[in-house]
Every structure is written in structure tokens, then in C-alpha cells.
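K.L.:
mind looking at a prediction? Sequence and model below.
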Amino acid sequence: AMAMAVKNRAPAGVQVTAEQLVRAARERQVGDEERAAALRTAARVTDDEELRMQQAQRRREFEGSVTHAAMDGRMFVKYARYEESQLEFRRARSVFERAIERHNREPSVWLEYAEFEMRNKFVNHARNVLDRAVQHLPRAAALWFRYVQLEETLGQADKARAVFERWMAWHPDEQAWRSFINFETRHGEPARARDALERFCGSFPRAASYIKFARWEEASGQLALARRVFERALVELDRAEALRQDLFVAFARFEERCKEFERARAIYKQALGLLPEDGSRELYEAYVSFERQHGDRDSIESVLADKRRAQYEAQLREAPDNYDLWFDLTRLEEAHAQAEALAAKRYADALADSEQAHLRDARAAELFQDRAYAVKVVDEARARVRSAYERAVANLPPSTRDKALWKRYIYLWINYALFEELQVEDVPACRAVYRRCLDTIPHKHFTFAKVWVMAAHFEVRQRDLPRARRILGEAIGRCPRSRTFRAYIQLELQLGNVNNCRALYGKYLEFDPTDCLVWQKYAELEHAVGETARCRAIFELAVQQPELDMPETLWKRYIDFEIGLGSKTGRANARKLYERLLERTQHVKVWISYAKFEALVADDAATGRALFEKAYQRIKTSQAGDQDLETKEHRALLLQAWLDTERKIPGADKEVQSLESRQPKRVKRKRQLEGGGWEEYNDFLFPDDPKKGLKLLQIAQQWKKRTAPSSGDAEGDAAPAAAADAGPGPAKVPRVATDENEIDLDDL
């Protein structure tokens, strides 16, 4: 191989600095400006020789410019325009060709070249230039537009269409397609324009493309084809584009312009159901505006319900354990489902009427379609209700030991079951809801008897008594509660199964032997079926219990039972019960009841009076002083009951007068409280109580007689003297107001 020659890397003999380069460039620029100014100066050319000299000078200047600024295509354009101004078209064309050799990627150079040819009416040259241009730069839309404009200006529609076809083969942007479509429309070729739109939607499979296609069909008066385009968009586009809210809004507004309001409403509703809430704001506003213009009351309420539904959903995303919001949402969904069910029923009734009238026309077919659609809507609404309930019950309370947190939650299950039973009438679904609810409750810590009872009553309504008994039996076995026992007993009692009721009462009393009401109900059951001995035995067993919640009611019911028998044995037993009760308590009401029994029921007034007197003396003896107000009230109550009893006994006028004289008088007094202040209270003054002020009054009178100077003035001065010797206190005891009259304590 040949050895490479060594380059001479020695410095040049003449060095050129940067300053010299800048100075030379500045001088050249100044020279060019001076020459340009000289050319602008009006010059008079007198002969052809001067013209040729001037042209030669300008050409040398342009050649120098394009040489020094070879990268700037504008210098070539200026050069070509000068030649054009000199009518040197061949020279100008040569300059443009030189420009294209260096700047063939610049659309502006090609456009200037084509404009030059067209200005000078070289049409074929212009076509050739534009054809070469679009071959070199097929993505330059300006070249294609100018090419099409040239052919259309010349009236060559076929050639322009051919140019468009060549252009469309490169899959240009949307503006190119719109120009093609507008071109076909201007030349009265709707079929070609429709074909261009089809190809446009194929090149740009977007919702906006189909919307433009549909609007073009609508503008052309082809409403059916426009509707078909919208329907194709929902089918042919991918899911992301097909579920754009602007597509649904455009479709619905198209139907609205066609006066197809029901179609528009259905589109809005379908779209709102498909699109997510955060991506359907514009759609929802359009729907609200539509309903305000064309909707009835039900439609407007439906829109408001949708708005409330969106608000509830937004709040539940922030607080999913807010059961009040879940209640509001489920009630909203249930109301919507119920309204849709009523609408479906109306369609069904209308269809039945048409069938009875033997209508087989288009109206009957339309009703059938409406009914099918209504049934579908009802199913969707009910599915939405179920979804709301399922999401609600999935939010369990945070604690399984605090029953208070579960009280609101459990009503979600109850409402869910009632919805399935009453609105949907789906028995298996309702039964499944009750079972799931019972499985959710933590029965080891607490339970809800209401749920057990409702589940059992549901089975009773379905005429499935064995299943209802199993539910109540399971409730008693796993978590016995009083309400569950009462519901089970009531069920068996309505069925007439007395033996089952006895067994249940036995279990109930084992669970809670202190409940007096249970003992009474059990005894009443035996009494109702004529088992007097059983009833008495139950009462006896009840009163012997060491602890009872309301023993007074039990004793009273026992005594009333014996009295209600209406026999001597019953009255004797009642008398023994009173004696046994008085051994346990000395309450005043027991004495009153016992005395009234003897006086009025047993017709033994003497025994009744003796019991009243005995009770009064015992109560009076038990009084612990003058401040024992409770005992005083008992005495007053006893005397009043005694008086009322005597008034009911014929021929007891003397006893009534005697008792009226023994009645106490009620007075109002004041006493000081421990923390300061005074309070009023009622006191009773009994005639048979000792008079405390009487002895003091007698002593004062005796002292007055001993100290009186004369008998004439004794009476007039006795009171002042006694008052003066008594000290600085009041001269007279104050008067006290009572309910019936006023009593002066000096009278005592």
C-alpha cells in the first residue's frame, strides 16, 4: 500500500484574524447597501447598451449574493424575480432550478417557482413544478393545496380529484380530508363526499370524525343516515372513544333537533349509566338542560335524583361508614325502582287492553316494545338497588362488642329484606338476605331479636311454619331474649298449640324467673283454657320466687284471679292472700284494697271498717314525728279511701259524717333549705292529733289572771301584757293560707 503523504501543519505565511474577517464582512455589507441604493435611484437608460450594462451589473451582484449566501433560498427568489421583471423567463426559470438544486426541501421555494409560472400563464410548467414538488415533499400540505387550487381554478375537477386521491394515499391530516370532502360537496358529488367521509373515519377512528360525518349527513338532509353514523360510532370505535361524553351529547342533541325527545332521553340515561361520574360532567349538564326544556315532572325528578345520587356517592367515598348516607342512597334507589315498576305496569295494562281489543296493528307492536324496554329498565333499577345495599352492608361496624354501633347498621339488612319481599317479591332472595344478616351478627356478644322475629314472620307469610319454628327455636337456643320468647309464644297461641305454649313458657321462666309479666301471662293462658288449678299453682309458684321485678302487680293479679272466680272459696283464698301479703308489707294501698274487698266485695262493712281503723292506727303509730310527711300523706290517703268506701255503702250516713270530721286539713308551709332559700310544702293537720299550742295558751291565761290589776281592764290589756312579757317576738301567730280556707293558729 502506498504511504500516506504527511500534511503540512506549519502556520500560513499570512495570518487572518477574526477582526479582519468581521471588518471584511461589514465592508461587503456596506458596499451592497450602497449599490442597492444606487440602483433604487432613478436612472435613465438611453439605449440598449446601457440596459445590457445595467443588467450585467445587477446579475453580477445577484451572483455574488447567491454565492456568499448560498444557504438562503430567498436570494435566489429575489434573483429570479429580477429576471422576471426583465421578462427573462428562461433566465428566471434557470435561477429557480438552481435554487431547487440547493433548497429542494423548502416548500416556499417550490411555491415561489409555481407562482412564477402561474403569474406568467405557463400552466403546464406550473403543473410540472407542482408535480415535482409533491413528489419531493409529499408531506407538505401547502404544495398539495396549491396544486389542487390550480386545477380547480382551471376548471379541471377530474384532475383536481386525481390530485386529492394522490394526496389521500399519503394519509394526511384532518384538514386535508375536510378539504377533499368540501371539494366534492362543492362540485355536487354527495356519493363521492360520503365515500371520502367513510375513508376519513377509517383513517381517523375517533369520535370527532364520526360526529363530523353525522353532521354532514344531517346538513345533507339524510337524518336516517346520520343516525346510522352515530350508531356505527358506538359499535365500531374502541371503548375509550365510544364512551366519550361529547359523542353521546352530539347524538342526543341530534335526536333533539329531529324532535325525537324520547330517543334523546334514552341516550342521555344510557350514557350516564355507562360513563363514570368524574367523566360525565358535560353530559350531565346537557341532560339537565334537556329535561328543563322538554321533560315532564317525572323526568325532572329523575334528573334531580341523579344529582342527589352523585352527591351521595361523593360523600360515601369520603365516609363509607356513615350509615345515614347509605339509608338516603338506598331510599333514593328504591323510589326510582318503584317508579319504573309502576311505569312497566302501565305498559302491561295498555298491552293487555290492546290484546283484548284484538289490536294487531303498529300500536300494539309499539306497546309491546315499550313494555319490553320498561321491564329491562325495571330490572336495571332493581339491580342498582341491590348494588347499593350490598355495598352498604359490606361496611361492618368497627367493633363486634359494642351493640350501639350495630343498631343503625342492622336496619340496612332489614330494609334490604323488605325490599326483596315487598317490591321485588323474590322469596328466595329475601330468605337469603335474612340468613346472611343472621350469620353476620356476632351472637356470642349480643343479638337482635327483631331480626329473628322478622325472619320467622316472613316464613309464616310464606306458609312455611316448620321453617319459622326452626328460626325461632334457633334464636332461643343460641341467644334467648324476651322478645323472641314472646313472638314464639304468640305464634303458637295463634295456631292454638297450648302444649307448645306451656313448654315455651317453661323455657321462658327458666331464662328469666324474675319477670312478673311472664308469670301473669302464663297464668292467664291456663285460666283462659279453664285450668284453674294450674293457674293457681302458677301464681303460687310465682309469689314464692325470692326475687321479682314487680311483685305488687303479681299479687294484685293473683288476688283478682281469686276474686274473679265468684265463689266463697275464691273469696276465702283472696282473704288469705291479703293476710299473706300484709305479712310481707304494710303498705297503705294493701290495707285499702283489703278493706275495700271486705266492705264492697264480701259485703261485710263491719270487717271493712275494722280493717280501715286497724290500718289507720298502725300507720299513725308508725309516724316518726311531726315532720314525717310521707306517713301523713298515707294517713290522709287512707282516710279519703275510707270515706269514699263509706259513701258507697247504703245507710252509712253516720259513719260518713264521722269520717268527714276526721279528715285532715292541708296547709302550705315554708322551710329553709340547707343551701339557702326557702321552699313550700304541703302539711296535714289531723283533728285527732294533740294540739301543741293549747297547753301554752292555758298557761298564758292563768298568768294573766294572776297579774291583772283590775278585772275591768284585764281583758283589754291581757293580750298586750302577755305579748310584752313574752319578749320582742311577734304579738300574734301569723295566719296560714290553705287550699280550702284559712286557719288561724290562735284558734287552737
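P.N.:
Arrived safely, thanks for sending.
K.L.:
OK, contacts around residue 645?
P.N.:
By CB atoms under 8 Å, 6 or more residues apart in numbering, the contact list for residue 645 reads 595-596, 599-600, 608, 612. The C-beta positions use only the backbone N, C-alpha and C, and glycine is treated the same way.
K.L.:
if you set the cut-off to 10 Å instead, what comes out?
P.N.:
When the contact criterion is CB atoms under 10 Å, 6 or more residues apart in numbering, the partners of residue 645 are 592, 595-596, 598-600, 605, 608-609, 612, 652, 655-656, 659.
K.L.:
which one of the residues you listed is nearest to residue 536?
P.N.:
residue 598 (21.4 Å; CB to CB).
K.L.:
quick check: that closest one vs residue 607, distance?
P.N.:
For residue 598, the distance to residue 607 (CB to CB, to the nearest Å) stands at 4 Å.
K.L.:
tell me where the model's unsure across the stretch 351-500 of the chain.
P.N.:
Along the stretch 351-500 of the chain, the parts satisfying pLDDT under 70 run over 351-371, 373.
K.L.:
swap that for the chain, please
P.N.:
1-6, 30-47, 64-73, 295-300, 347-371, 373, 691-698, 709-748.
K.L.:
okay if I get the contacts of residue 645 as a markdown table plus distance to residue 55 and neighbour count?
P.N.:
Listed next are the contacts of residue 645 as a markdown table, based on distance: CB to CB, whole Å; neighbours: other CB atoms under 10 Å:
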| residue | distance to residue 55 | neighbour count |
| --- | --- | --- |
| 592 | 147 | 21 |
| 595 | 153 | 25 |
| 596 | 150 | 19 |
| 598 | 156 | 23 |
| 599 | 156 | 24 |
| 600 | 152 | 14 |
| 605 | 160 | 19 |
| 608 | 157 | 23 |
| 609 | 160 | 20 |
| 612 | 155 | 25 |
| 652 | 160 | 17 |
| 655 | 160 | 17 |
| 656 | 157 | 16 |
| 659 | 156 | 20 |
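K.L.:
which one of these is nearest to residue 572?
P.N.:
For those, the residue nearest residue 572 by CB to CB is residue 598; the value is 12.0 Å.
K.L.:
right, and that closest one touches residue 614 too?
P.N.:
No: judged on CB atoms under 10 Å, residue 598 makes no contact with residue 614 at a distance of 11.3 Å.
K.L.:
quickly list what's touching both of residue 598 and residue 607.
P.N.:
In contact with both residue 598 and residue 607: residue 575, using CB under 10 Å, 6+ apart.
K.L.:
now do the contacts for residue 203.
P.N.:
Here residue 203 is in contact with 168, 171-174, 176-177, 209 (CB under 10 Å, 6+ apart).
K.L.:
apply 7 Å and report the result again.
P.N.:
residue 171 (CB atoms under 7 Å, 6 or more residues apart in numbering).
K.L.:
same deal with the one 3 residues further on?
P.N.:
For residue 206, the contact set (CB under 7 Å, 6+ apart) comprises residue 241.
K.L.:
helices along the stretch 101-250 of the chain, start to end?
P.N.:
With DSSP state H, counting those that start in this stretch as the criterion, the stretch 101-250 of the chain has helices at 107-119, 123-136, 141-153, 157-168, 174-186, 190-203, 207-219, 223-236, 239-242, 245-257.
K.L.:
need the next SSE after the host helix or strand of residue 376, C-terminal direction.
P.N.:
Applying DSSP states H and E as the criterion places residue 376 in helix 362-393. Where DSSP H and E defines the elements, the next helix or strand beyond helix 362-393 is helix 407-418.
K.L.:
quick check: buried residues in the very next helix or strand once past that next one?
P.N.:
Downstream of helix 407-418, the first helix or strand assigned by DSSP H and E is helix 427-440. Judged by neighbour count (16 or more other CB atoms under 10 Å), helix 427-440 contains these buried residues: 430-431, 433-434, 437-438.
K.L.:
let me have the helices of the stretch 101-250 of the chain in a markdown table, adding distance to residue 416 as columns.
P.N.:
Converted to a markdown table, the helices of the stretch 101-250 of the chain look like this (distance: least, CB to CB, whole Å):
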| stretch | distance to residue 416 |
| --- | --- |
| helix 107-119 | 70 |
| helix 123-136 | 70 |
| helix 141-153 | 63 |
| helix 157-168 | 60 |
| helix 174-186 | 52 |
| helix 190-203 | 47 |
| helix 207-219 | 40 |
| helix 223-236 | 35 |
| helix 239-242 | 33 |
| helix 245-257 | 33 |
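K.L.:
and residue 579, which of these is closest to it?
P.N.:
Among the helices of the stretch 101-250 of the chain, helix 245-257 sits nearest to residue 579 (CB to CB), with 89.2 Å.
K.L.:
who does that closest one touch, helix- and strand-wise?
P.N.:
Using 3 or more CB pairs under 7 Å, 6 or more residues apart in numbering; DSSP states H and E, the elements in contact with helix 245-257 are helix 207-219, helix 223-236, helix 261-274, helix 281-294.
K.L.:
can you list contacts of it?
P.N.:
So helix 245-257 is contacted by 207, 211, 214, 218, 226, 230, 233, 263-264, 267-268, 271, 275, 279-280, 282-283, 286, 290 (CB under 7 Å, 6+ apart).
K.L.:
same thing with stretch 222-235?
P.N.:
207, 210, 213-214, 217-218, 242, 247, 251, 254, 258.
K.L.:
ok, back up a step: comparing the helices and strands packed on helix 245-257, which comes out most buried?
P.N.:
helix 207-219 (a mean of 20; mean count of other CB atoms under 10 Å).
K.L.:
hmm, back to that, any idea which of the contacts of stretch 222-235 is closest to residue 396?
P.N.:
residue 242 (38.4 Å).
K.L.:
residue 266 and residue 290, how far apart?
P.N.:
To residue 290, residue 266 is 12 Å away according to CB to CB.
K.L.:
quick revisit: ok, which pair from the contacts of stretch 222-235 is furthest apart?
P.N.:
Farthest pair in these, by CB to CB: 242 and 258, 21.5 Å.
K.L.:
make sure residue 23 is indeed in a helix.
P.N.:
Yes: assessed with DSSP: H, G, I helix; E, B strand; the rest coil, residue 23 lies in a helix.
K.L.:
what is the burial count for it?
P.N.:
11 (other CB atoms under 10 Å).
K.L.:
phi, psi of the residue lying closest to residue 545 once chain neighbours are set aside?
P.N.:
Nearest non-adjacent residue to residue 545, counting by CB to CB, 6 or more residues apart in numbering: residue 513, 5.8 Å away. Phi and psi for residue 513, reported as degrees, to the nearest 10, are phi -80, psi -10.
K.L.:
give me the number of residues near residue 513?
P.N.:
Using other CB under 10 Å, residue 513 has 16 other residues around it.
K.L.:
what's the spacing between it and residue 589?
P.N.:
Taking CB to CB, one finds residue 513 at 25 Å from residue 589.
K.L.:
what's the answer for residue 645, then?
P.N.:
Taking CB to CB, one finds residue 645 at 14 Å from residue 589.
K.L.:
would you check that residue 452 makes contact with residue 475?
P.N.:
Yes: between residue 452 and residue 475 there is a contact under CB atoms under 7 Å: 3.8 Å.
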